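Student: for reference, the sequence and a predicted model appear below.
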Amino acid sequence: MSQSRRDFIRKTAITSAGFYIGTSTFSARSYRNIIGANDRIRVGVVGFSDRHRSTHLPCFMNHYKELNFDLVAVSDIWKKRREDGAAMWKEKMRHDVIACRNNEEMYDKKSVDAVFISTADFQHALHTIEAVKAGCDAYVEKPFAETMDDNRAALKAIKASDRIVQIGSQRRSGQNYMAANEFIRSGKFGAITMVELTWNVNQPGRWRRPALLDQLKEEDTDWKRYLLNRPDVPFDVRKYLEFRLFWPYSSGLPGQWMSHQIDTVHWFSGLQHPRTVVANGGIYMWKDGRKNWDTITAVFEYGPVNDPATGFQVTFSSRMDNGDEHPAEIYYSNGGELNLITNKVSSHGGLSKRFADEMKMQPNLLPELSLSEAAPVVASADTGGDMLTSNHIRNWMECVRIRKQPHAPVEAG
């Protein structure tokens, strides 16, 4: 996309903003009325990962024709994934797709306007910096960063640009989560007193890639480029393919799962980070050489830093040796609970008349109601359900079109 074209689209953003209807989707007719909407947005892939193949690809296919997007290039340093990605996207798009050995090669071709970033956890922020410096918008998977140095560097680069960056925290595009946010922020819920977050599985193969380990040879990839700013260590196929099990390439349970759930706490409360946190855990079950814990419990305190008497507590617990993978998110107030397992607000646990009368207080019980258009969380490999991710990717595509901030901007990451 030429600079003049970018300027043109940016200058028409105010005009076209009239066609943007809050968090709802655009109609095809609206797009026909947006100046410049006939310009096709060319998208590239940074990392043809399992996440991209199973989730980004089908979600993009849901919307690309209506929004006039195209997928034109795949960048992956592993030869197999690079070739597999280009071939799969060629079949879907019915035209040739460029296979690039690395991101530099893809950006040098000036062939992409936006990218999907779904590489290893520790690479997300650094690959986002590359993207925005190349003039590209980006949909980047969470966790956004695994160190604060990478986080700050990426925040600075994005803020110095005019690029549209969507963090893959797809709960922010769920109607039930939007309804929960509105209910809590309206004051009808009352003050948050406690939040319980849990995510448990019993999957020995989770984050393991035994079928792929023998397929990756050092000569077929670029190990130095893979490491980026991590310590220079000898090639290790497990750290490449099973990076979620090893620090400093991933934090494991906090980065993969807690990041989804703790994001709703920040969103609903308006607080950017906890006041204090303490965590404990270990590798209690899966003695398979991993470095990241298979069990964790973390306790957070949220509230104004200058007012320690005000606030609430959040607990996150996760284990990988027992569970049915039904993530739980329950918000409590003195009047009851907002339960994102059932997508209902109820008076359960609220201050009943019996106990209020004992203390000469007024009872405090929330109304019984369902969150609008509730979509249950489906915690499969896509960690949030196809509908949530499809809505989230569409929101990014729409915002790329009209140059508005998406549901999960960089601050969410």
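Tutor: Happy to help now that I have it.
Student: what's the residue lying closest to residue 129 once chain neighbours are set aside sitting at in phi/psi?
Tutor: Sequence neighbours aside, residue 157 is the residue nearest to residue 129 in space, at 4.5 Å (criterion: CB to CB, 6 or more residues apart in numbering). Bear in mind the C-beta positions are built from the backbone N, C-alpha and C, glycine included. Main-chain torsions, residue 157, degrees, to the nearest 10: phi -70, psi -40.
Student: could you do residue 266 as well?
Tutor: phi -60, psi -40.
Student: got a list of what it touches?
Tutor: Shown in contact with residue 266 (CB atoms under 8 Å, 6 or more residues apart in numbering): 272, 273, 412.
Student: by neighbours, which of those wins?
Tutor: Across the contacts of residue 266, neighbour numbers were computed from other CB atoms under 10 Å; residue 412 holds the maximum, 21 neighbours.
Student: which secondary element of the chain has the worst mean pLDDT?
Tutor: Least confident helix or strand of the chain, by mean pLDDT, DSSP states H and E, is helix 13-16 with a mean of 39.
Student: now do the SS call for residue 96.
Tutor: Of the three states, residue 96 takes coil according to DSSP: H, G, I helix; E, B strand; the rest coil.
Student: neighbours of it, just the number please.
Tutor: Close neighbours of residue 96, defined as other CB under 10 Å, add up to 10.
Student: that one contacts residue 90, correct?
Tutor: Yes - between residue 96 and residue 90 there is a contact under CB atoms under 8 Å: 6.0 Å.
Student: need the pLDDT of residue 337.
Tutor: pLDDT recorded at residue 337 is 97.
Student: ignore the last one, residue 57
Tutor: Checking the pLDDT column for residue 57, the value is 97.
Student: quick one: it and residue 256, what's the gap?
Tutor: Residue 57 is 20 Å from residue 256, where distance means CB to CB, to the nearest Å.
Student: show me where this structure has its strands.
Tutor: 41-46, 69-75, 98-100, 114-117, 137-140, 165-167, 194-200, 276-282, 295-302, 312-319, 328-333, 336-339, 344-346, 369-370 (DSSP state E).
Student: direction included, what does the second one pair up with?
Tutor: To tie it back to what came earlier, the one meant is strand 69-75. strand 41-46 (parallel), strand 98-100 (parallel) (DSSP bridges).
Student: then the shortest one?
Tutor: Partner strands for strand 369-370, per DSSP bridges, with pairing direction: strand 344-346 (antiparallel).
Student: centre of the chain to the strand it pairs with, how far?
Tutor: 26 Å (CA atoms, centre = their mean, to the nearest Å).
Student: the residue nearest to residue 129 and residue 130 touch, don't they?
Tutor: No - assessed by CB under 8 Å, residue 157 is found out of contact with residue 130, at 9.0 Å.
Student: and which of the contacts of residue 266 is nearest to residue 392?
Tutor: Ranked by distance to residue 392 (CB to CB), those are led by residue 412 at 11.2 Å.
Student: for the closest residue in space to that closest one that isn't next to it in sequence, list the residues it contacts.
Tutor: The shortest distance from residue 412 to any non-neighbouring residue, by CB to CB, 6+ apart, is to residue 167 (4.8 Å). By CB under 8 Å, 6+ apart, residue 167 lies in contact with 140, 142, 144, 408, 409, 410, 412, 413.
Student: so which elements touch the top helix by length along the chain?
Tutor: In the chain, assigned by DSSP state H, the helix with the most residues is helix 386-402. Secondary-structure packing of helix 386-402 (3 or more CB pairs under 8 Å, 6 or more residues apart in numbering; DSSP states H and E): helix 13-16, strand 41-46, helix 57-67, strand 137-140, strand 165-167.
Student: can you redo those as JSON lines with distance to residue 263?
Tutor: JSON lines is the format used below for the helices and strands packed on helix 386-402 (distance: least, CB to CB, whole Å):
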{"stretch": "helix 13-16", "distance to residue 263": "27"}
{"stretch": "strand 41-46", "distance to residue 263": "22"}
{"stretch": "helix 57-67", "distance to residue 263": "19"}
{"stretch": "strand 137-140", "distance to residue 263": "14"}
{"stretch": "strand 165-167", "distance to residue 263": "8"}
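Student: where are the low-confidence patches of the stretch 1-150 of the chain?
Tutor: 1-38 (pLDDT under 70).
Student: what of the stretch 301-413 of the chain?
Tutor: Scanning the stretch 301-413 of the chain for pLDDT under 70 picks out the ranges 372-385.
Student: in the stretch 151-300 of the chain, which spans are helices?
Tutor: Using DSSP state H, counting those that start in this stretch, the helices of the stretch 151-300 of the chain run over 175-185, 210-213, 223-227, 237-241, 253, 259-269.
Student: tell me how far the last one lies from the chain's centre.
Tutor: Read that as helix 259-269. 11 Å.
Student: what do you get for the fourth one?
Tutor: Remark: helix 237-241 is offset 22 Å from the chain centroid, using CA atoms, centre = their mean.
Student: and the helix or strand following it, how far out from the chain's middle?
Tutor: Following helix 237-241 in sequence order, the next helix or strand is helix 253 (DSSP states H and E). Distance of helix 253 from the chain centroid (CA atoms, centre = their mean) equals 14 Å.
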